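> What follows is a protein structure lacking sequence information:
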């Protein structure tokens, strides 16, 4: 069957060369009568997009240039503008502005990325990291639990504790510890495989990202060292108690299986650093998916948070896909392949970077 043409789909396309460096592309939707105007500059690799309605009213405006992405949405009651300013480590600052009269007024700001997060505990020493990596018979983090204390917490060595996890599937805290060891070990060893695969890559940016994974491993594992400053807490809740509105989407607009309490976003709160688990939702997951979810939440403690924009690349989900595959195509620890598509894509893109037209690295 032949593919429908642009015109048959209900659009008109016009292209105009403005000067030696700039090209303007206009795409008009005949149904909505909205027009998308794209201006591209090959000199500074910038791109500007404007979406206007049939009355030429501006609906959306974005400007992508070196180390910064600006996006303004005029369809809200108060027009909103997001500005992402990237740094050399792959992190970025997200600033949000609201339109008041003719001016953009600062609303809030959030740091996203490895350089932006307050670290709860010191990183693991290099020598200890290498010792653990070379011991293939043991998980990179081994847990053991003790008796409940007066505060209701169960001590878990090293430097951890749990609360209310007797309903964790399928055998309470014992099952949780096995999932933690298996999930953390698979994710962390996957990060080490990425380091080994790409540490000598021809592209300096890829080499830097590979070295960054080693740094992040030490940062994450530093939470599980005897005598660390703050204990790491695993707290189990369900979706019928005080957390019901959060877990069932009344607040988040989506079901929540678990979430991380990090020093960067939750500093000063109780049970930080830590992970809160929805045991009701966890009972619906396979063991593979439980381990994958636990590592996903652990990785937030490296300083990566989910962006509010679904059209940007998310390193947390990218690493999870690389290391664990998907629910319908699970990947075991022996099946990790740093050169497959999802892993190459992970090494190609920065957290929060637009996913449009970004190539994947080649081996």
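Right, received. Where do you want to start? What you see is a predicted model; the values in this text were computed from it and never measured.
> quick one: low-confidence parts of the stretch 151-300 of the chain?
Applying pLDDT under 70 to the stretch 151-300 of the chain flags the ranges 239-255, 264-269.
> What segments of it are helices?
Assigned by DSSP state H, counting those that start in this stretch, the helices in the stretch 151-300 of the chain fall at 173-198, 204-221, 244-247, 263-266, 279-282, 287-299.
> Output those helices as a markdown table; include the columns distance to residue 8 and mean neighbour count.
For every residue, glycine as well, the C-beta is placed using N, CA and C. Putting these into a markdown table (distance: least, C-beta to C-beta, whole Å; neighbours: other C-beta atoms under 10 Å) gives the following:
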| stretch | distance to residue 8 | mean neighbour count |
| --- | --- | --- |
| helix 173-198 | 44 | 21 |
| helix 204-221 | 41 | 18 |
| helix 244-247 | 46 | 17 |
| helix 263-266 | 48 | 19 |
| helix 279-282 | 44 | 20 |
| helix 287-299 | 42 | 22 |
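> how about those in a markdown table, adding distance to residue 101?
Shown next, in a markdown table, are the helices of the stretch 151-300 of the chain (distance: least, C-beta to C-beta, whole Å):
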| stretch | distance to residue 101 |
| --- | --- |
| helix 173-198 | 48 |
| helix 204-221 | 42 |
| helix 244-247 | 36 |
| helix 263-266 | 32 |
| helix 279-282 | 45 |
| helix 287-299 | 42 |
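> out of these, nearest to residue 25?
Proximity to residue 25, assessed across the helices of the stretch 151-300 of the chain by C-beta to C-beta, is greatest for helix 204-221 (28.7 Å).
> Report the inter-axis angle for that closest one versus helix 173-198.
160 degrees (axes from the mean of the first three to the mean of the last three C-alpha atoms, to 10 degrees).
> Please state the offset of helix 204-221 from the chain centre?
Mean-position distance between helix 204-221 and its chain equals 15 Å (C-alpha atoms, centre = their mean, to the nearest Å).
> ok, and what's touching it?
Residues external to helix 204-221 that are found in contact with it (C-beta atoms under 8 Å, 6 or more residues apart in numbering): 89-90, 114, 119, 123-126, 129, 132, 140-141, 188, 191-192, 194-195, 197-201, 298-299, 301-302, 347-348, 361.
> To residue 319, which of the helices of the stretch 151-300 of the chain lies closest?
Within the helices of the stretch 151-300 of the chain, the stretch nearest residue 319 is helix 287-299; the backing value is 6.1 Å (C-beta to C-beta).
> immediately after that closest one, which helix or strand?
helix 315-324 (DSSP states H and E).
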